[in-house]
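Asks: Give me the fold of what follows.
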Amino acid sequence: LIDKMDFPQYKFSLYFLTTLPQGVDYTLTPGTKEAHEYLWTMEGVALELFHNHGTESDANFQGYHVGNQEKDGFGHIAVNCDDVYAMAEKLEDAGCSFKKKPNEGRMKGLAFVYDPDGYWVEIVRRGENSKISNEFNFSQTMLRVKDPKKSLEFYQKLGMKILTQRHFSDFSLFFLGSSNVDETIDFKDQFHPVLELTHNHGTENDPDFKHFTGNEEGRQGFGNIGFLVDDVYAACDEIRKLGYGFRKEPDDGSMKGLATAYDRDGYSVQLMKRGGIDFGDKKVDSN
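Replies: Okay, here's the model as predicted:
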């Protein structure tokens, strides 16, 4: 946990987690101004968890929509490790439940474990040339897309690079890295996470096909992905040309300089000024 933001006035909190290299000590206190500055200038990738206050004690709360039902867009996040079998056994001993264990099904050697909300977390073996010593590292987020040509164009406009792509009989996978990722390193050897776009062949030719994005009424779960950019207004002008629209323009509302665009499939993509802005959260005293 590198940072958190509490909004008691709106009854929700945000938690930001990342994988730091083994041996790196994080000494900042989440919720402080210093932790905010670290979060909004870091070169890595954070996982944002959104908590609506009270859900943890509401016996009638049915939980969130975790994806992976028909036409759902969000699939899973993933972590890498050296030995999937050993790590799956360790998680099972700790009481975790599995969608798929590494020795099950056709694809041996990878696993899917459920998190406390039922989201799928894929456990994948690192590459042979990995120099990562962490037990686990956050490695990817998977989204399904209707038309990869248009989706790739959108994310490349935001500086992402295609690290590799894999094509099968009825689907294709595209793995994208941030602008600061070394594309000469195999994506399985990368320390920083990648964005995995999954395309089921034929959806691009179906005018009526549309993925659920995780923000529809009754299907909320996945929220958005986000990018730090030097100039939010310039970034918005660049992707505005693609014509997918905005959920929030940078000057809308009280949070000036923060934008939320729609990608080709309607996923929410947040654009944040590198260095951050004042969100009006209740900060923690660093003294």
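Asks: Give me the residue ranges of the stretch 101-250 of the chain where confidence is low.
Replies: For the stretch 101-250 of the chain, no stretch is flagged by pLDDT under 70.
Asks: Surely Glu37 forms part of a helix?
Replies: Yes: according to DSSP: H, G, I helix; E, B strand; the rest coil, the state of Glu37 is that of a helix.
Asks: any idea of the pLDDT on it?
Replies: The predicted local distance difference test score for Glu37 is 96.
Asks: Okay, the closest residue to it other than its chain neighbours and Pro21: tell me how far apart.
Replies: Leaving aside its sequence neighbours, Glu37 sits nearest to Gly276 (Cβ to Cβ, 6 or more residues apart in numbering; 7.0 Å). Yep, even glycine has a C-beta here, placed from its N, CA and C like the rest. Between Gly276 and Pro21 the computed distance is 23 Å (Cβ to Cβ, to the nearest Å).
Asks: Compare neighbour counts for these two and give me the winner.
Replies: Summary of the neighbour comparison: Gly276 and Pro21, criterion other Cβ atoms under 10 Å, with Gly276 having more neighbours (17 against 12).
Asks: show me what contacts the more buried one?
Replies: Listed by Cβ atoms under 8 Å, 6 or more residues apart in numbering, the contact partners of Gly276 are 36-37, 39-41.
Asks: and which of those is nearest Asp263?
Replies: Ranked by distance to Asp263 (Cβ to Cβ), the contacts of Gly276 are led by Trp40 at 21.9 Å.
Asks: how many other residues sit next to that closest one?
Replies: When neighbours are counted by other Cβ under 10 Å, Trp40 registers 17.
Asks: Assess the claim that it and Gly275 are in contact.
Replies: Yes: Trp40 sits in contact with Gly275 when judged by Cβ atoms under 8 Å, with a separation of 5.4 Å.
Asks: could you list every residue that touches the residue nearest to Tyr267 when sequence neighbours are not counted?
Replies: Of all residues not flanking Tyr267 in the chain, Thr213 sits nearest, at 5.1 Å (Cβ to Cβ, 6+ apart). Shown here is Thr213, whose contacts under the criterion Cβ under 8 Å, 6+ apart are 73-74, 222, 265-268.
Asks: got it, and Gln190?
Replies: With contacts defined as Cβ under 8 Å, 6+ apart, the neighbours of Gln190 are 139, 163, 177, 181-182.
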